[in-house]
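K.L.:
Sequence first, then the predicted structure, then my questions.
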Amino acid sequence: MAAATATASSISAWFTPHAFARRKTRNPKIQKPVLPVPGGGEATTYTRLPLKHDYSAPSPLSSPEIKLSETAPPITRLLRNRKPQNIKQDDVVFEYSDSEPESDGEYEAFDFSGDENVGEGEEETPSVKEKGVPAVMRCFDRAKIYVKSGDGGNGVVAFRREKYVPMGGPSGGDGGRGGDVYVEVDGAMNSLLPFRNSVHFRAGRGGHGQGSMQSGAKGEDLVVKVPPGTVVRMSGEDNVLLEMVYPGQKGLLLPGGRGGRGNASFKSGTNKVPKIAENGEEGPEMWLELELKLVADVGIVGAPNAGKSTLLSVVSAAKPAVANYPFTTLLPNLGVVSFDYDSTMVVADLPGLLEGAHRGFGLGHEFLRHTERCSALVHVVDGSSQQPDLEFDAVRLELKLFNPELAEKPYVVAFNKMDLPEAYENWESFKEKLQSRGITPFCMSAVKREGTHEVICAAYELLRKSKEDKEEYEDGRDMVNLNHVAAAVKKQRSASISDFEIFHDSDSNIWHVVGSGLQRFIQMTNWRYIDSERRFQHVLEACGVYKSLMKLGVKEGDTVIVGEMKMIWHDSSDNPGASRMKKISTDSFKWAEWK
Ligand SMILES: Nc1nc2c(ncn2[C@@H]2O[C@H](COP(=O)(O)OP(=O)(O)OP(=O)(O)O)[C@@H](O)[C@H]2O)c(=O)[nH]1
Ligand SMILES: [Mg+2]
């Protein structure tokens with residue numbers, strides 16, 4: 001039985017036919033597992049400050065030399081100083097920046113996955129249910145949605161009845177094709193917020209065929225609109241299915257199911273009055289994880305309170321919140337820096353990074369992935385801190401641990417707060433230390449707008465160089481095939497019916513015949529018509545299922561399961577034309593173990 005798992009191709013894991021998924025009924029007894037609450041959730045669409053103990057937990061990766069805690073005081077202490085609160089054991093403490101509107105104290109519970117996520121093609125999703133997440137702090141840069149392309153319409157059995165046309169022949173039309181699911185980049189969107197309330201997206205089903213050779217209408221297509229920079233993954237998988245970057249990009253994700261054939265299509269020389277028609281093919285379905293990564297040219301990184309937002313506010317028209325405590329910035333801010341008419345760059349100011357950010361400490365981890373798309377980084381160092389060089393190293397280390405590619409990106413070091421005497425004193429030693437490592441830092445005072453122009457010009461220069469290097473890649477961007485998922489689905493659908501495997505479960509003495517071509521054939525068979533069963537037997541014979549079963553030693557009375565069909569084997573070698581197997585059940589049989 002174990003060998004069966006090997007039959008599942010990588011593509012077959014991409015979608016589940018509707019019928020099988022439907023059988024996974026909701027069991028009220030099954031309790032939703034509650035996710036552990038680490039410093040940064042796995043699939044959250046909101047941002048929260050970490051729990052108090054996140055800060056006290058020792059970091060196995062930390063080295064005694066690199067300690068951000070020396071420069072950044074524990075947040076809980078800071079929060080207590082600002083606004084006394086009754087902190088209960090299970091409460092999560094949140095703090096607003098001064099400029100953000102208070103949400104009249106109303107703290108709602110928010111369930112990311114929501115009940116609406118459950119019940120369509122997937123077992124209940126573990127949900128993260130947190131109390132006390134104010135609306136202003138939710139960041140909708142992740143979402144989980146369900147998409148399903150339309151089922152094909154059914155074909156019908158009909159005969160032409162017309163005056164003066166005796167025995168008009170079969171005239172049952174084919175069903176229409178189901179609607180397709182597309183994903184399109186909408187330049188006007190800037191968050192995944194719309195997916196908070198609408199989670200399920202289904203394309204229209206194809207119309208059923210009708211008499212007089214009338215084919216059913218095609219189902220309505222569905223276009224899922226996403227903001228630029230959205231990465232689409234299949235739920236639970238790491239592989240990226242689609243990367244939607246440029247406005248207007250459109251990819252076919254799930255093609256609709258084929259319409260079932262009506263009896264007119266089954267007419268042949270030997271069977272002029274076919275009483276058979278097919279069901280429409282079921283459209284594939286998927287749970288998708290959407291993740292929004294900012295499309296910024298330059299990312300401003302650094303420890304909390306270093307002056308990142310101040311720098312952004314000085315070099316662009318953006319007005320991010322600036323205040324003298326860590327984690328003022330809770331969500332990334334974007335600003336456009338204009339040099340002259342046609343040279344601009346988009347700069348993102350990210351929440352501060354703490355030691356352990358790559359493991360979810362602080363807020364930075366939630367947003368570090370936004371820097372993955374940046375071509376260059378500006379690393380702001382708080383010059384007035386006790387050991388700016390250690391702060392610098394700690395943040396570099398966090399970048400590296402989060403994603404080594406981030407540490408490879410070109411960067412500018414901006415030593416900030418030069419107007420303060422402490423920073424002024426630290427500058428020389430900081431500069432020497434970095435220069436000995438081949439890095440030339442810049443010094444600036446963001447508040448006084450001194451030195452910021454040089455920093456931003458240096459960043460622009462890095463951006464320009466990196467764009468030149470990437471030119472070849474950029475040229476080829478239009479060549480990205482956004483339809484490759486649909487192509488893989490189509491390929492799997494066209495799997496040959498004679499491509500199957502047989503497994504014998506010796507404990508229960510059941511034979512399982514597994515193959516996606518066969519499965520599709522069975523799904524499209526409409527058992528209401530007598531001819532269907534005959535055709536089914538004929539197909540099993542023709543594609544070699546019987547032969548293979550006999551070779552493997554199937555005996556009289558054994559149970560054989562083919563797709564949804566549970567049958568009993570009969571040895572009837574004396575009568576080769578007779579059916580070898582008798583259908584005993586088409587009840588929903590769960591065979592998903594092999595998928
Ligand atoms: N003296 C002085 N203070 C500065 C300078 N730049 C920023 N600050 C102050 O430092 C504090 C923090 O500035 P922010 O810009 O909010 O720092 P940040 O890095 O964005 O902080 P987080 O968003 O919390 O990570 C504010 O009180 C600023 O006024 C500077 O050049 N000189
Ligand atoms: Mg900030």
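P.N.:
Perfect, thanks for sending it. Ligands and ions are numbered 1, 2, ... in the order given.
K.L.:
quick check, Asp507 in a strand?
P.N.:
No - with DSSP: H, G, I helix; E, B strand; the rest coil as the criterion, Asp507 is located in coil rather than a strand.
K.L.:
tell me the phi and psi of it?
P.N.:
phi -70, psi -50 (degrees, to the nearest 10).
K.L.:
Might one say that Lys555 is in contact with Leu549?
P.N.:
No - counting by Cβ atoms under 8 Å, Leu549 is not a contact partner of Lys555; they are 10.0 Å apart. For the C-beta atoms, the positions are set from N, CA and C on the backbone; glycine is no exception.
K.L.:
Tell me which of those two has more neighbours.
P.N.:
Set Lys555 next to Leu549 and count neighbours by other Cβ atoms under 10 Å: Leu549 wins out with 22 against 10.
K.L.:
What's the first helix or strand after the host helix or strand of the more buried one?
P.N.:
Assigned by DSSP states H and E, Leu549 falls within helix 545-552. Going down the chain from helix 545-552, the next helix or strand is strand 559-562, by DSSP H and E.
K.L.:
so Gly187 sits in a strand?
P.N.:
No - Gly187 is assigned coil when assessed by three-state DSSP, not a strand.
K.L.:
so what pLDDT did the nearest residue to it once chain neighbours are set aside get?
P.N.:
In space, and not counting its chain neighbours, Gly187 is closest to Pro247: 3.1 Å by Cβ to Cβ, 6 or more residues apart in numbering. Looking at Pro247, its pLDDT stands at 84.
K.L.:
how many other residues sit next to Pro247?
P.N.:
13.
K.L.:
Spit out the contact partners of it.
P.N.:
With contacts defined as Cβ atoms under 8 Å, 6 or more residues apart in numbering, Pro247 is in contact with 185-187, 228.
K.L.:
Of all pairs in these, which one is the farthest apart?
P.N.:
Maximum pairwise distance in these, criterion Cβ to Cβ, is 8.1 Å, between Asp186 and Pro228.
K.L.:
separation between Ser496 and ligand 1?
P.N.:
58 Å (Cβ to the nearest ligand atom, to the nearest Å).
K.L.:
Kindly apply the preceding question to Arg233 instead.
P.N.:
On the measure of Cβ to the nearest ligand atom, Arg233 and ligand 1 end up 29 Å apart.
K.L.:
average pLDDT for stretch 399-418?
P.N.:
Rounded mean pLDDT across stretch 399-418 is 89.
K.L.:
Can you mark which positions in that stretch are buried?
P.N.:
399, 401-402, 406, 409-418 (16 or more other Cβ atoms under 10 Å).
K.L.:
quick check, nearest of those residues to ligand 1?
P.N.:
If you rank the buried residues of stretch 399-418 by distance to ligand 1 using Cβ to the nearest ligand atom, Lys417 comes first, at 3.9 Å.
K.L.:
give the contact list for that closest one.
P.N.:
Residues in contact with Lys417 (Cβ under 8 Å, 6+ apart) are 307, 382-384, 423, 445-447.
K.L.:
just checking: which of the residues you listed also lie near ligand 1?
P.N.:
Among the contacts of Lys417, the ones lying near ligand 1 by Cβ under 6 Å from any ligand atom are 307, 445-447.
K.L.:
Is any residue of stretch 343-357 near ligand 2?
P.N.:
No - Stretch 343-357 lies out of reach of ligand 2 by Cβ under 5 Å from the ion, never closer than 5.8 Å.
K.L.:
Using CSV, list the CA coordinates for that stretch.
P.N.:
The C-alpha trace of stretch 343-357 is given here as CSV (Å, rounded to 0.1, in the frame of the first residue of the first chain):
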residue,chain,number,x,y,z
SER,A,343,14.4,59.5,-12.4
THR,A,344,12.4,58.4,-9.4
MET,A,345,12.6,55.6,-7.0
VAL,A,346,10.2,54.0,-4.6
VAL,A,347,11.6,53.7,-1.1
ALA,A,348,10.1,51.5,1.6
ASP,A,349,10.6,52.2,5.3
LEU,A,350,10.2,49.0,7.3
PRO,A,351,9.6,48.4,10.9
GLY,A,352,12.7,48.1,13.1
LEU,A,353,14.6,44.8,13.4
LEU,A,354,15.4,43.2,16.7
GLU,A,355,17.8,40.4,17.4
GLY,A,356,15.9,37.2,16.6
ALA,A,357,13.7,39.0,14.0
